[in-house]
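[1] With the input below, show me the fold.
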Amino acid sequence: METLFIICLLIAGWIFFAIEVFLIPGISLAGLLSGASLLYAVYYTFSQMGTEAGLLTLAMAALGIAAVTVWFMRSKTVDRLSLKKTLDYRPDPLADTGLKVGAQGITVTRLTLIGNADFGGYLIEVKSADGFIDEKTPIEVVGIRGGQVLVKKRPL
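    Okay, here's the model as predicted:
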C-alpha cells in the first residue's frame, strides 16, 4: 500500500511538472503541487522505508522529470504551442508612399508635435514643424529626415 501511495505521488508530481513547464509557465499552483508531491514522496520513502528505498525514489523522481521534459520536447505539443509568425520589418516605412516635400494631406489626429496624417490614403506618423495643429487641418510636407516627416499648416 505504501508503494502504491509513493507511485501515485511521483506520477502526480510529474504531471504537475509538465503542466507547470509547458502549459502554465511561471510560478503557479501546478509548480507548487509538483514540488510538494515529489518532495513528499521522497521524504515519505526515506522515513517509512529506509535509505535505500529513499535514494531509489529520489532517482526515480529526477529521472521522471527528465523523461517528461524529453517526451514533451520531442512530441508535437511544443510545436503546436510555439509561435511561428515572423516579424515583417520594413526599414523604410515611407518607401511605398511616394511622399515628397510639398505633398499635401490632412491631419487625422491632433499634432501635439507628433501625430498621424493622411496623405492620399496612407496614414503616416508626422511631426509638426510649427507647433500644435488641430485634427482635420490641411497640411503640407516641409521636410523628410531619416524616416520622420515634418509638416506645417497649409495656407488656405
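
[2] CA only for contacts and neighbour counts going forward, please
    Fine.

[3] Ile114: what's its closest spatial neighbour, skipping adjacent residues?
    Lys127 (4.4 Å; Cα to Cα, 6 or more residues apart in numbering).

[4] what helix or strand does the one you found sit in?
    Using DSSP states H and E, Lys127 falls within strand 122-128.

[5] how about the helices in this structure?
    For the chain, applying DSSP state H gives helices covering 2-18, 29-49, 51-74, 77-81.

[6] Give me the angle between the first one and helix 51-74.
    Interaxial angle of helix 2-18 relative to helix 51-74 (axes from the mean of the first three to the mean of the last three Cα atoms, to 10 degrees): 30 degrees.

[7] Which strands and helices lie in contact with helix 2-18?
    Packing partners of helix 2-18 (3 or more Cα pairs under 8 Å, 6 or more residues apart in numbering; DSSP states H and E): helix 29-49, helix 51-74.

[8] any chance of those in CSV, plus distance to Leu94 and mean pLDDT?
    As requested, these are arranged in CSV below (distance: least, Cα to Cα, whole Å; pLDDT from 0 to 100):
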stretch, distance to Leu94, mean pLDDT
helix 29-49, 48, 93
helix 51-74, 43, 91
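
[9] Which of the ones you listed sits closest to Lys84?
    helix 51-74 (16.1 Å; Cα to Cα).
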